[in-house]
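Peer 1: Sequence and predicted structure are below.
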Amino acid sequence: MIEGRKTVTADTIEEYYKPYGEYGDGSYAPGDIIEVYDLRQRLRCIIKATKVYVIRFGDIPEEVWRGETFASAEEFRECHVRCLPHLDLHEDFEFVTLHFELVEVIAP
């Protein structure tokens with residue numbers, strides 16, 4: 001993200017719309033400015049949401065798998081199966097994709 005290569009992130013619909021933190025309503029919309037923190041709660045960069053839409057696990061658009069920095073849709077699927085073993089990631093399982101652009105790097 002900070003290097004500017006990653007331009008998309010995908011999450012389950014349930015997680016995407018779940019409220020978080022003191023002010024988070026649980027989703028972002030195109031045009032939103034987003035502060036990105038690391039695991040130690042340090043502000044790392046600021047991004048701007050450009051697109052948000054739902055995809056099917058069995059039909060990953062090229063702009064999504066490339067934006068997530070994968071070499072193919074199959075690599076995207078394999079990684080998400082490994083990272084989300086508690087979910088039944090079948091062909092019709094849906095993810096929300098958040099497309100973004102880097103606005104500012106705060107701390108490399």
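Peer 2: Nice, I can see it.

Peer 1: which ones are touching the nearest residue to Asp32 once chain neighbours are set aside?
Peer 2: Nearest residue to Asp32 in three dimensions, chain neighbours excluded: Ala49, at 4.4 Å (C-beta to C-beta, 6 or more residues apart in numbering). In this view, the C-beta of every residue, glycine as well, is placed from N, C-alpha and C. Contact analysis of Ala49 by C-beta atoms under 8 Å, 6 or more residues apart in numbering lists Tyr28, Ala29, Pro30, Gly31, Asp32, Ile33, Ile34, Leu98, His99, Phe100.

Peer 1: let's see it at 10 Å
Peer 2: Each residue near Ala49 by C-beta atoms under 10 Å, 6 or more residues apart in numbering is listed here: Ser27, Tyr28, Ala29, Pro30, Gly31, Asp32, Ile33, Ile34, Leu98, His99, Phe100, Glu101.

Peer 1: Let me know the secondary structure of the third one.
Peer 2: Assigned state for Ala29: coil (three-state reduction, DSSP: H, G, I helix; E, B strand; the rest coil).

Peer 1: ok, now which ones touch Glu68?
Peer 2: So Glu68 contacts Arg5, Lys6, Thr7, Val8, Thr9, Ala10, Ile60, Glu75, Phe76, Cys79, His80, Thr97 (C-beta under 10 Å, 6+ apart).

Peer 1: where in this structure is pLDDT low?
Peer 2: Applying pLDDT under 70 to the chain picks out residues 1-4, 21-24.
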